[in-house]
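> Quick one: sequence plus predicted model below, questions after.
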Amino acid sequence: MADYVGAVDQGTTSTRFMIFDHGGNEVARHQLEHQQILPQAGWVEHNPTEIWERTRAVIETAMRTAGLHASDLAALGITNQRETAVVWDRRTGRPYYNAIVWQDTRTDRIASALDREGKGEVIRRKAGLPPATYFSGGKIQWILENVPGVREAAERGDAIFGNTDTWLLWNLTGGVDGGVHVTDPTNASRTMLMNLETLDWDDELLSFFGVPRQMLPEIRPSSNPDLYGVTRAGGPLGGEVPLAGDLGDQQAATVGQVCFEPGTAKNTYGTGNFLLLNTGTELVRSQHGLLTTVCYQFGSAKPVYALEGSIAVTGSAVQWLRDQLGIISGASQSEALARQVEDNGGVYFVPAFSGLFAPYWRSDARGAIVGLSRYNTNAHLARATLESICYQTKDVVGAMEQDSGVVLDVLRVDGGVTANELCMQMQADILGVPVSRPVVAETTALGAAYAAGLAVGFWKSTDDLKRNWHEDRRWEPTWSDEQRERGYAGWRKAVQRTLDWVDVD
C-alpha cells in the first residue's frame, strides 16, 4: 500500500518536491532555484525548459534520498506560481518564448487600454479581477502579437497556453506523446479569461485579448477523483502515479492551513505576500481593491471562493538587499541587521518595483526610500524593509475587513519569511492581532498534497486534514494603539511618494 503523497511546488524563484505522510509530516524534499531573466526594466522572464528540467531533478533527488519508488506514492499534486504564462508548440514541446512572469509589467498599455475602452468593468464583473499587468491574459496577447508565427500556430491549434501548472502537467503525462492539457479553476481564475460563475472560459473575455479558445487548457476540479492523468513510466518518478491535485500556490497554502470555513484567513510570505479569506460558496465582489478568486473546488462539490489581497514585493525586497545592494549576504542576516536598531529611525521603504498591487493597483508607482537623514544606517534600511512587508499586509487586512465585515482575531502565516521572528513580531505589532505559524510552514506544498490525497481517498475528508494542523509559534502584539497609528500614518505618507512616477498610456 502507498504510504505517502508527493507535491511539486513550482515557485517564482525555485522548484521543490516534497513528500508527506498521512499525518501531514514532511518525509523528504529537494529544491533548486532557476534563473531570473530580466531583459529590460519591468520585464521578468523564466525559461520553461529550465523549469521542467529542475522539476525532473528535484523529484528524482527527493525520491532517491528517501529511498522511495513510484509505488510508494498514492498520488501527486502540483502547485505553482500563478499568472506566469507559457505558450508552447504541442507538436515539438518547445516554448515559443520565455515564460512571462507574474511580476512583469510590459503589458501595462494593454491593461490601461482595457479600462479606457470600457472593458475593465466587464472583466471585474465576470473574472473578479481588475485589468492589470499581473494576470495571464495580457501576457498571452503580448506573445500572440510580438512573437512571429505564434498567432497562426494558435489558430491551427498547435500553439497552446498554460500557467506553469499546465506546463508541468503536460510534461509529466507524456508531453508530445499524449500529454494532457489541463488546469484547475484556481489557476484559470488568474487569467482574466474565466467566468467565475460558470468556471469556464468566457467568449467575451477571450475576444478582449484576441485569444483563440483552442489555446486554452481544459478546466478540471482542484482535487480531481477522475485524475488529470498519470505520470509516465519514463518520467522522473520512474513509474505511474495518479496526478490528482492542482492548485495555484496561494490557494494551496489556504488548503494547507486548513482554512475551510468561511471567515478563516491565511497570509503567505514568499516572493510577494498573498492574504486569502475564505468566503465560502458566495462570490464576494470587492469594493476596496481586492480580488475575487476561486479558493478551491474539490471533486463535484460547488467551488469555494475567496477574497485575496496580492502584494507584489515582500520577500523579494529582502533579496534585493542581498543581490542588488549587497548589504546582507543571506536572507536570514536581515533579521540580525535589523535588530541592531530599536526602530526604523524615520525611514520607510515602499518596494513598488513592479508598481503597487492590492489594494492600490497603481502600475505608475515605483519603489521609494523616504525619511533618510545622516543618522540612518543600513540597519535602519533592513528594519524598514521588514516593516514594509508588514505594512503592506496591514493595507490588505484593512481592505478585507471593509469588504467582508470579518475582523481577524488571529492571522495564520506561512512561507519562508515566517522564519524571521523579528518580522513576525512586527506583523503582530502593526496589525494589533496575534500571528500564528504552524508546525509545517511549507503549507503550499502541503496543500497540493492534501488536494491530491483527498481525490484518491488517502485522506477521507477535510476533518482528517484539520487534525493534522498544529501551531508552532504565536506572536502577540506589544505596541500601543498610538505607536500603531503613528507608524501606519508614516507608511501611508510614504506610499503617496511612490505614485505617478511612471507615465502609463
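Sure thing, it's come through.
> Please count neighbours and contacts with C-alpha atoms only from this point.
OK.
> Output the below-cut-off pLDDT ranges for this structure.
1, 504-505 (pLDDT under 70).
> bridging residues for Pro438?
Counting by DSSP bridges, Pro438 is bridged to Glu471.
> So what's the residue count around it?
19 (other Cα atoms under 10 Å).
> who touches it in this structure?
Residues near Pro438 by Cα atoms under 8 Å, 6 or more residues apart in numbering: 257, 412-414, 469-473.
> Among those, which one has the most neighbours?
Gln257 (31 neighbours).
> check contacts around the nearest residue to that residue once chain neighbours are set aside.
Nearest residue to Gln257 in three dimensions, chain neighbours excluded: Thr443, at 6.3 Å (Cα to Cα, 6 or more residues apart in numbering). Thr443 makes contact with 252-257, 414-415 under the criterion Cα under 8 Å, 6+ apart.
> mind listing which of those residues are in helices?
With helices taken from DSSP state H, the overlap with the contacts of Thr443 comprises 252-256.
> With neighbour count and distance to Asp9 added, can I get those residues in a markdown table?
As requested, these are exported to a markdown table (neighbours: other Cα atoms under 10 Å; distance: Cα to Cα, whole Å):
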| residue | neighbour count | distance to Asp9 |
| --- | --- | --- |
| Ala252 | 31 | 10 |
| Ala253 | 30 | 11 |
| Thr254 | 32 | 14 |
| Val255 | 27 | 14 |
| Gly256 | 30 | 13 |
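> circling back to that earlier point, the residue nearest to Gln257 and Arg29: what is the separation?
Thr443 sits 13 Å away from Arg29, going by Cα to Cα, to the nearest Å.
> Likewise for Ser286?
From Ser286 to Arg29 the distance is 38 Å (Cα to Cα).
> for Ala188, same thing?
Ala188 is 28 Å from Arg29, by Cα to Cα.
> Which one's more surrounded, those two?
Ala188 (32 against 20).
> In space, what's closest to the more buried one - neighbours in sequence excluded?
Using Cα to Cα, 6+ apart, the nearest residue to Ala188 is Met194, at 6.0 Å.
> Make sure that neighbour is actually in contact with Arg213.
No - checked against Cα atoms under 8 Å, the pair Met194 and Arg213 is beyond contact range at 11.2 Å.
> Quickly list what's touching both of the two.
Contact criterion Cα under 8 Å, 6+ apart; residues shared by Met194 and Arg213: Trp201.
> Of these two, give the one with the bigger neighbour count.
Met194 (26 against 17).
> residues contacting the more buried one?
Residues counted as contacts of Met194 (Cα under 8 Å, 6+ apart) are 126-127, 188, 200-202, 205.
> Give the helix, strand or coil label for Phe208.
At Phe208 the chain is in helix, as set by DSSP: H, G, I helix; E, B strand; the rest coil.
> How many residues are close by it?
Residues near Phe208, counting by other Cα under 10 Å: 18.
> give the contact list for it.
Shown in contact with Phe208 (Cα under 8 Å, 6+ apart): 114, 119.
> Quick check: it vs Gly118, distance?
11 Å.
> Going by neighbour count, which of the contacts of Met194 comes out on top?
Ala188 (32 neighbours).
> That residue contacts Arg220, correct?
No - counting by Cα under 8 Å, Ala188 stays clear of Arg220, with 9.8 Å between them.
> related to what we said a few turns ago, among the contacts of Met194, which are in strands?
Using DSSP state E, 200-201 are the members of those that sit in strands.
> Adding distance to Val241 as columns, could you present the contacts of Met194 in TSV?
Formatted as TSV, these follow (distance: Cα to Cα, whole Å):
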residue	distance to Val241
Lys126	36
Ala127	33
Ala188	24
Asp200	27
Trp201	29
Asp202	33
Leu205	36
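> any idea which of the contacts of Met194 is closest to Tyr96?
Closest to Tyr96 out of the contacts of Met194 is Ala188 (20.8 Å), distances taken as Cα to Cα.
> Determine the longest helix present in this protein.
The chain, longest helix under DSSP H: helix 378-404.
> Counting by contacts, list what that helix packs against.
strand 273-280, strand 304-311, helix 315-320, helix 333-338, strand 348-350, helix 421-431 (3 or more Cα pairs under 8 Å, 6 or more residues apart in numbering; DSSP states H and E).
> in that helix, what's buried?
Across helix 378-404, burial judged by 16 or more other Cα atoms under 10 Å covers 379-397, 399-400, 403-404.
> what angle do it and strand 304-311 make?
If you take axes from the mean of the first three to the mean of the last three Cα atoms, to 10 degrees, helix 378-404 sits at 150 degrees to strand 304-311.
> Taking strand 273-280 as reference, get the angle to helix 378-404.
Inter-element angle recorded for helix 378-404 and strand 273-280: 20 degrees (by the same axes, to 10 degrees).
> and the residue nearest to Ala428 when sequence neighbours are not counted, how far is that from Gly345?
Distances taken as Cα to Cα, 6+ apart place Pro477 nearest to Ala428, at 4.8 Å, with adjacent residues excluded. Distance of Pro477 to Gly345, given as Cα to Cα: 20 Å.
> Could you do Tyr4 as well?
From Tyr4 to Gly345 the distance is 50 Å (Cα to Cα).
> These two: which has the busier surroundings?
Comparing Tyr4 with Gly345 by other Cα under 10 Å, the one with more neighbours is Tyr4, at 24 against 18.
> what are the bridge partners for that one, then?
Here Tyr4, judged by DSSP bridges, has bridge partners Leu73.
> Do I have it right that it meets Phe20?
Yes - the criterion here is Cα under 8 Å, and Tyr4 meets it with Phe20 at 5.6 Å.
> Can you tell me which of the contacts of Met194 is nearest Ile59?
Using Cα to Cα, Ala188 is the member of those that lies nearest Ile59, at 25.4 Å.
> how far away is that closest one from Trp52?
Distance, Ala188 to Trp52, using Cα to Cα: 21 Å.
> swap in His181?
On the measure of Cα to Cα, His181 and Trp52 end up 15 Å apart.
> Who has more neighbours out of those two?
When His181 and Trp52 are compared for neighbours, His181 comes out ahead with 23 against 17, by other Cα under 10 Å.
> pretty sure that one is in contact with Leu169, am I right?
Yes - contact status for His181 versus Leu169: in contact at 7.3 Å, counting by Cα under 8 Å.
> what about Pro221, helix or strand, and which?
Assigned by DSSP states H and E, Pro221 belongs to neither a helix nor a strand.
> Chain neighbours aside, what residue packs nearest to Thr444?
Ala253 (4.0 Å).
> my guess is that neighbour contacts Leu446, does it?
Yes - counting by Cα under 8 Å, Ala253 does reach Leu446; the two are 7.4 Å apart.
> tell me the contacts of the closest residue to Ile100 other than its chain neighbours?
With sequence-adjacent residues excluded and distances taken as Cα to Cα, 6+ apart, Ile100 is closest to Glu45, at 4.8 Å. For Glu45, the contacting residues are 36-39, 98-101, 104, by Cα under 8 Å, 6+ apart.
> same check, this time on Val495
When contacts are counted by Cα under 8 Å, 6+ apart, Val495 touches Val350.
> Let's verify it: helix, strand, or coil?
Per three-state DSSP, the secondary structure class of Val495 is helix.
> How many neighbouring residues does the closest residue to Ser14 other than its chain neighbours have?
Nearest residue to Ser14, sequence neighbours excluded (Cα to Cα, 6+ apart): Glu33, at 3.9 Å. Applying other Cα under 10 Å, we find 15 residues neighbouring Glu33.
> same deal with Glu482?
Here the count is done by other Cα under 10 Å, and Glu482 has 9 residues near it.
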